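Chemist: Need the 3D shape of this:
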Amino acid sequence: MHAAHPKNQWYAMQCQASKERMTATVLNTLDNLIVYLPEVQQATSEPARSIALFPGYLFVQTSMDTLERGRIETMPGVVRLITSGDVPVPVPSSVISAIRQYIADINQQGGLVAHAFRPGDAVRITRGPLCGLEALFQGPTTPSARVQILLELMGQFSRVEIDRQLLEPVSHHTNPQPNMSQRRSRGRGRPIRTVRSANQ
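Modeler: You can find the predicted model right below:
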């Protein structure tokens, strides 16, 4: 790993799915480039292994003065640098530090726990203000602290992010497509509270 320079900044990079580690290894051969692939332990994996925290993404630290974007984006496994318009977007060092701390905390707790949910599965929220509501699982299918569900609120479907630990599977004898349009309360006459979509 190369030494950091005061002018260097972090940038997010998209790479080919499932090839994050290979891409990081290739990029590490370049001069004036520091590569950070956030990996976290998978708690239920035997033998224990680390997986990418952000599948398909990693971070590189370099200086815009020496950034060889054309060369970097033609390296094996690289898809593109994340840009705004055509300008690479710097990632604050505080964000990288927060990611490192998050991974340390998760690993100390035993790692990410895998879930068996698949897109389209019927799930129920078990705790919190939306306790008892049913929804459709959206993803991701890989271990993640937060996942997305499709929830009907006030007659409109919203994609909502929620902690995966707050979900349980719902068993249906037919294909899991719950008629959520008939549900207008959380039970016991309590009205459904509006929740902002994760995409808003």
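Chemist: Enumerate the positions of the helix-or-strand element of the chain with minimal mean pLDDT that are buried.
Modeler: Using mean pLDDT, DSSP states H and E, strand 146-153 stands out as the lowest-scoring helix or strand of the chain, at a mean of 79. Counting neighbours by 16 or more other C-beta atoms under 10 Å, one finds that the buried residues in strand 146-153 are 147-153. From N, CA and C alone the C-beta is placed, and that goes for glycine too.
Chemist: Pull the contacting residues for the residue most central in space within the chain.
Modeler: Among the residues of the chain, the smallest C-alpha distance to the mean C-alpha position (C-alpha atoms, centre = their mean) belongs to Phe54, namely 5.3 Å. By C-beta atoms under 8 Å, 6 or more residues apart in numbering, the residues touching Phe54 are Pro38.
Chemist: if we go to 6 Å?
Modeler: Neighbour list for Phe54: empty [criterion: C-beta atoms under 6 Å, 6 or more residues apart in numbering].
Chemist: Determine whether the claim that it is in a helix is correct.
Modeler: No - with DSSP: H, G, I helix; E, B strand; the rest coil as the criterion, Phe54 is assigned coil and is not in a helix.
Chemist: dump the residue contacts of the residue nearest to Leu151 when sequence neighbours are not counted.
Modeler: Counting by C-beta to C-beta, 6 or more residues apart in numbering, the nearest residue to Leu151 once its immediate chain neighbours are dropped is Ala135, at 4.4 Å. Taking C-beta under 6 Å, 6+ apart as the criterion, Ala135 is in contact with 123, 149-151.
Chemist: Just confirm Ala135 is within a strand.
Modeler: Yes - remark: Ala135 belongs to a strand, assigned using three-state DSSP.
Chemist: Give the other helices and strands that the least confident helix or strand of the chain contacts.
Modeler: Judged by 3 or more C-beta pairs under 6 Å, 6 or more residues apart in numbering; DSSP states H and E, the packing partners of strand 146-153 are strand 134-139, strand 156-163.
Chemist: can you tell me which of these the model trusts least?
Modeler: When the helices and strands packed on strand 146-153 are ranked by mean pLDDT, strand 156-163 comes last with a mean of 81.
Chemist: Quick check: buried residues in that strand?
Modeler: Of all the residues in strand 156-163, those buried under the rule 16+ other C-beta under 10 Å are 158, 160, 162.
Chemist: in its sheet, what does the helix or strand just after it sit against?
Modeler: The helix or strand immediately downstream of strand 156-163 is strand 167-169, counting by DSSP states H and E. In the sheet containing strand 167-169, its partner strands are strand 122-125 (antiparallel), by DSSP bridges.
Chemist: The partner strand - what's its average pLDDT?
Modeler: Over the span of strand 122-125, the pLDDT mean works out to 90.
Chemist: Pull the CA coordinates from that strand and hand them back as PDB.
Modeler: Coordinates of the C-alpha atoms in strand 122-125 are reproduced here as PDB (Å, rounded to 0.1, in the frame of the first residue of the first chain):
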ATOM      1  CA  ALA A 122     -44.000 -11.600   2.100                       C
ATOM      2  CA  VAL A 123     -42.600 -10.200   5.300                       C
ATOM      3  CA  ARG A 124     -44.000  -8.700   8.500                       C
ATOM      4  CA  ILE A 125     -42.600  -5.900  10.600                       C
END
